[in-house]
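Student: 3D model of this:
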Amino acid sequence: MNDARFSRPRTSSRAYLFASGKGGSGKSTLSAGIAAALAMSGKRVVAWDADLLMRNLDIYTGLYEHALFDLSDVLEGRKSAGEALTPHPEIPGLSLLAAPAKRIAPAPEDMRRVARELLPLCDYLLVDAPAGIDDAFRLAAAAADRAIVVSTADLSSVGDAARCAGELDALGYRRLFLAANRVAPREIGRGFGLNLDRMIDRVGIPLIGFVREDRTVVRLDQNVSALMMRKKPTPAARDMRDIARRLTGERVPLPLR
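Tutor: Here you go, the predicted structure:
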């Protein structure tokens, strides 16, 4: 693995978009898991579901039955951004800004304003974008200036991730990072470092980590927060914790064997 292309973000980085360019990459899984990992390490974290048409981050964070308010309450003046947050009952420091249950059409400046209100309330703002690189994606991208682009290893996903990274670069994003998701555990140690190098070459941005495929998420009804709270962490949970540690500036080697 080429260490020059494995990057740790600067600790001043605070607002991250989780993007993919393609549905099914596990982007929401990673955003929920990394949000939980950061909060469990003592950080104040807001996970913002910015997919305005396909609300699901409340499921992945385990807050489906707890979220009373959402982005529409903020944009329509009923609640401040802080008042609209749903705190996690079991993970101190983790809160969710849910996507609206009804269709709304905010402007990019609305998203930037909400982000400005949220940033003083947290150490990390993690924005879960919709799949694709259309207008809905660009609307979510207005809320952050750094991004983690999530891709699986298949060629179509890698190609979409490359286009997503190019779009974010054109939008003026300051730092972009690649996360490889749904890595088959049997691949580790079998030339996997070379495969990661190929993904980095194709997408054109540095790697922040990889996450192994984990069927436990399905057994937990997609509650990724529950996965992260298990006393005996699964390999995928450890991988997401490692990415969270790298986000804080810690040097954590890749477990390639």
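Student: where along the protein do the strands fall?
Tutor: Counting by DSSP state E, one finds strands in the chain at the ranges 15-19, 45-49, 86-87, 94-97, 124-128, 146-151, 175-183, 207-212.
Student: looking at those, which is closest to residue 137?
Tutor: strand 15-19 (7.0 Å; C-beta to C-beta). Placement of C-beta: from N, CA and C, glycine included.
Student: Serialize the strands of the chain to CSV and add fields for distance to residue 63 and mean neighbour count.
Tutor: As requested, the strands of the chain are arranged in CSV below (distance: least, C-beta to C-beta, whole Å; neighbours: other C-beta atoms under 10 Å):
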stretch, distance to residue 63, mean neighbour count
strand 15-19, 17, 27
strand 45-49, 9, 29
strand 86-87, 5, 16
strand 94-97, 5, 28
strand 124-128, 13, 26
strand 146-151, 21, 26
strand 175-183, 22, 23
strand 207-212, 21, 24
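Student: So which helix or strand of this protein has the lowest pLDDT on average?
Tutor: The element with the least model confidence among the helices and strands of the chain, by mean pLDDT, DSSP states H and E, is helix 216-219, at a mean of 77.
Student: Show me what that one is in contact with.
Tutor: Counting by C-beta atoms under 8 Å, 6 or more residues apart in numbering, the neighbours of helix 216-219 from elsewhere in the structure are 29, 224, 227, 234, 236.
Student: would you turn the strands of the chain into TSV with distance to residue 60 and mean pLDDT?
Tutor: As requested, the strands of the chain are exported to TSV (distance: least, C-beta to C-beta, whole Å; pLDDT from 0 to 100):
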stretch	distance to residue 60	mean pLDDT
strand 15-19	11	97
strand 45-49	9	98
strand 86-87	13	98
strand 94-97	9	98
strand 124-128	8	98
strand 146-151	13	96
strand 175-183	13	94
strand 207-212	14	94
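Student: Throw the ones you listed into TSV and include distance to residue 110, thanks.
Tutor: Listed next are the strands of the chain as TSV, based on distance: least, C-beta to C-beta, whole Å:
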stretch	distance to residue 110
strand 15-19	16
strand 45-49	13
strand 86-87	20
strand 94-97	13
strand 124-128	14
strand 146-151	20
strand 175-183	24
strand 207-212	29
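Student: Grab the two from the contacts of helix 216-219 that are most spread out in space.
Tutor: The widest separation within the contacts of helix 216-219, taken as C-beta to C-beta, falls between 29 and 234 and amounts to 12.4 Å.
Student: When those two are compared, which one has more neighbours?
Tutor: Neighbour tally, residue 29 and residue 234, criterion other C-beta atoms under 10 Å: the higher count belongs to residue 29, 24 against 16.
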